[in-house]
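fold the following.
(one chain, ligands or ions: 2)
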Amino acid sequence: MKTLDDLLKTGVKGRRILVRSDLNVPLKDGKVTDDKRIRASLPVLTRLLDKGARVIVAAHLGRPKGAPDPQYSLSPVADRLAQLLGRPVEFALDTVGESARLLAADLNNGELLLLENVRFNAAETSKDDAERAEFARCLELLTGGEDEGGAFVNDAFGAVHRKHASVYDIAKRLPHYCGDLVRDELQVLTALTGEPERPYAVVLGGSKVSDKLAVIESLLPKVDKLLVGGGMCFTFLAAQGYEVGDSLLEADQIETCKRFLEESPDKIVLPTDIVVASEISEDAQTQVVAADAIPAGQKGLDIGPDSVRLFAAALADAKTVFWNGPMGVFEVAPFAAGTKGVAEAVAATKGLSVVGGGDSAAAVGKLGLDKNAFGHISTGGGASLEYLEGKELPGVAVLEEV
Ligand code: ADP
Ligand code: MG
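Ligands and ions are numbered 1, 2, ... in the order given. Model (predicted):
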């Protein structure tokens with residue numbers, strides 16, 4: 001795979017370089033509430049701008065339905081990006097329309113243009129190869145194409161598992177390079193998939209239960225311990241025959257979880273106590289109950305203190321730890337302790353500790369944990385999980401093509 005260094009060696013002054021960045025940040029009332037991903041994108045952009053490139057940045061935000069939707073506009077991101085870069089940022093009101101074309105054509109050396117949310121165009125995520133290819137062609141045209149010096153840098157690790165036009169198809173049309181973020185992420189994940197130092201423990205939580213059950217399937221044979229918390233633990237508790245009240249539950253996956261428990265009884269560690277409440281709110285009435293005694297009408301919203309001790313003990317001798325997914329609804333104070341406790345235990349491990357997942361990374365920041373205590377905090381949850389599952393990442397595979 002060619003890297004940004006390879007591109008810089010060829011000289012980028014005056015060339016239009018299309019960079020796919022991961023700027024998918026949380027917004028509230030039109031303001032960026034966590035700019036971690038914007039900050040992470042700066043090095044690649046700065047390196048290109050310092051060398052006189054004309055940088056065009058493509059990115060997505062949220063899941064608009066293939067049409068412009070003001071609540072998913074990248075406009076607030078453009079403002080923050082300009083602040084953090086300490087340079088002006090041009091912002092196109094569309095992705096490949098008139099505004100984008102004019103601004104791209106007008107770029108001077110060392111100037112940056114951010115395109116509007118690529119997902120405002122239905123072709124970006126289309127299953128139809130021809131539709132995506134056509135959109136990619138329009139993106140390519142913004143650079144002037146290969147003959148005019150156009151090139152593509154993918155620095156959006158959080159999107160490499162998507163076969164989308166601005167991730168995959170565009171790399172087929174332009175000389176392509178991986179950005180520093182993608183390079184660094186792949187380096188760490190390769191260490192996990194190769195010969196991880198043992199014991200190797202994986203902690204899974206979060207809310208995307210059905211997504212993550214597939215991960216469990218492929219991880220179970222590879223890990224020594226699998227700790228399950230968050231919204232996904234209730235399907236496992238149900239598989240053990242427990243009532244889970246109004247907690248998150250994937251009823252159609254109970255059988256799958258039963259099979260996991262039968263096949264790997266010594267590897268899977270489940271919570272022994274649960275923090276329950278009838279509602280998710282800052283002043284919720286909470287109660288800690290045994291995992292097999294969740295009252296009807298109550299929601300399990302965090303793992304309890306006993307579970308935290310159990311999980312910490314299971315992690316204590318691990319030499320490699322991968323953690324994805326909060327242990328509870330950490331955004332709301334009464335349900336944050338489980339995530340905090342387990343995150344501390346992950347941070348305390350002696351070997352390599354890797355955090356994957358947007359919300360898990362956000363939890364590290366929000367709960368006041370020391371980022372440096374972790375070996376690596378990945379910006380792309382879905383992408384890192386798919387990599388660990390052994391799936392091919394389309395956005396990486398295409399960068400490997402010559
Ligand atoms: P990541 O982004 O790290 O991959 P996910 O997106 O899968 O993690 O899940 C994060 C979300 O899971 C958080 O918003 C958190 O509130 C939620 N969550 C965790 N535990 C529970 C639970 N018991 N019930 C409902 N939601 C939960
Ligand atoms: Mg998430």
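
could you check the pLDDT of whichever residue of the chain sits closest to ligand 2?
In the chain, the residue that lies nearest ligand 2 is residue 359 (4.0 Å; C-beta to the ion). For glycine as for every other residue, the C-beta is placed from the backbone atoms N, C-alpha and C. pLDDT for residue 359: 89.

what's the separation between it and residue 383?
Look at residue 359 and residue 383: by C-beta to C-beta, to the nearest Å, they are 14 Å apart.

between those two, which is the more surrounded one?
residue 383 (28 against 20; other C-beta atoms under 10 Å).

I'd assumed the residue of the chain closest to ligand 2 was in a helix, is it?
Yes: under DSSP: H, G, I helix; E, B strand; the rest coil, residue 359 sits within a helix.

just checking, it touches residue 381?
Yes: counting by C-beta atoms under 8 Å, a contact exists between residue 359 and residue 381, whose distance comes to 7.3 Å.

okay, and the common contacts of these two?
Shared contacts of residue 359 and residue 381 (C-beta atoms under 8 Å, 6 or more residues apart in numbering): 206, 325.

contacts only, for the residue nearest to residue 64 when sequence neighbours are not counted.
Using C-beta to C-beta, 6 or more residues apart in numbering and skipping residues adjacent in sequence, the residue nearest residue 64 is residue 72, 4.3 Å away. Counting by C-beta under 8 Å, 6+ apart, residue 72 touches 61, 62, 63, 64, 117, 119, 120.

tell me the spacing between the second one and residue 268.
Separation of residue 62 from residue 268 (C-beta to C-beta) stands at 34 Å.

would you mind listing the buried residues in stretch 234-250?
234-239, 242, 244-250 (16 or more other C-beta atoms under 10 Å).

oh, I was asking about stretch 368-387
369, 374-387.

is that stretch positioned near ligand 1?
Yes: using C-beta under 6 Å from any ligand atom, a contact is recorded between stretch 368-387 and ligand 1, made by residue 381.

start and end of that stretch, how far apart?
28 Å (C-alpha to C-alpha, to the nearest Å).

chain center to that stretch: distance?
Distance of stretch 368-387 from its chain centroid, counting by C-alpha atoms, centre = their mean, to the nearest Å, is 9 Å.

try stretch 198-214
Relative to its parent chain, stretch 198-214 has a centroid offset of 14 Å by C-alpha atoms, centre = their mean.

do stretch 26-46 as well
In terms of C-alpha atoms, centre = their mean, the centre of stretch 26-46 is set 14 Å apart from its chain centre.

ok, residue 1 - contacts?
Contacts for residue 1 (C-beta under 8 Å, 6+ apart) come out as 177, 178, 183, 396, 399, 400.

scratch that, residue 60 is what I was asking about
23, 24, 117, 118, 119, 124, 159, 166.

got it, and residue 337?
275, 302, 305, 308, 328.

now do 6 Å
The contact partners of residue 337, by C-beta atoms under 6 Å, 6 or more residues apart in numbering, come to none.

helix or strand for residue 68, which one?
Under DSSP states H and E, no helix or strand contains residue 68.

could I get the contacts of residue 60 as CSV with neighbour count, secondary structure and pLDDT?
CSV is the format used below for those (neighbours: other C-beta atoms under 10 Å; DSSP: H, G, I helix; E, B strand; the rest coil; pLDDT from 0 to 100):
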residue, neighbour count, secondary structure, pLDDT
23, 25, coil, 97
24, 23, coil, 94
117, 25, coil, 98
118, 26, helix, 98
119, 26, helix, 98
124, 26, helix, 98
159, 26, helix, 94
166, 31, helix, 98
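
quick check: whichever residue of the stretch 1-150 of the chain sits closest to ligand 1 vs residue 77, distance?
With C-beta to the nearest ligand atom, the shortest gap between the stretch 1-150 of the chain and ligand 1 falls at residue 26, namely 10.5 Å. Remark: distance between residue 26 and residue 77 (C-beta to C-beta) = 11 Å.

and those two? Which one has more around it.
Neighbour comparison, residue 26 and residue 77: the larger count goes to residue 77, with 26 against 16 (by other C-beta under 10 Å).

work out for me the element the more buried one sits within.
helix 75-85.

same thing with residue 202?
Using DSSP H and E, the element containing residue 202 is strand 200-204.

which other helices and strands contact that strand?
Secondary-structure packing of strand 200-204 (3 or more C-beta pairs under 6 Å, 6 or more residues apart in numbering; DSSP states H and E): strand 225-228, strand 320-324.

any idea which helix or strand comes after that strand?
With DSSP H and E, the next secondary element past strand 200-204 is helix 209-219.

where exactly do the strands run in the stretch 101-250 of the chain?
112-114, 151-154, 176-178, 200-204, 225-228 (DSSP state E, counting those that start in this stretch).

most tightly packed of those strands?
With neighbours taken as mean count of other C-beta atoms under 10 Å, those reach their highest mean count in strand 151-154, at a mean of 28.

mind listing what residue 143 touches?
Shown in contact with residue 143 (C-beta under 6 Å, 6+ apart): 16, 18, 150.

average pLDDT for the strand holding residue 202?
Average pLDDT, strand 200-204: 97.

re earlier: for the helix holding residue 77, name the packing helices and strands.
helix 36-50, strand 89-91.
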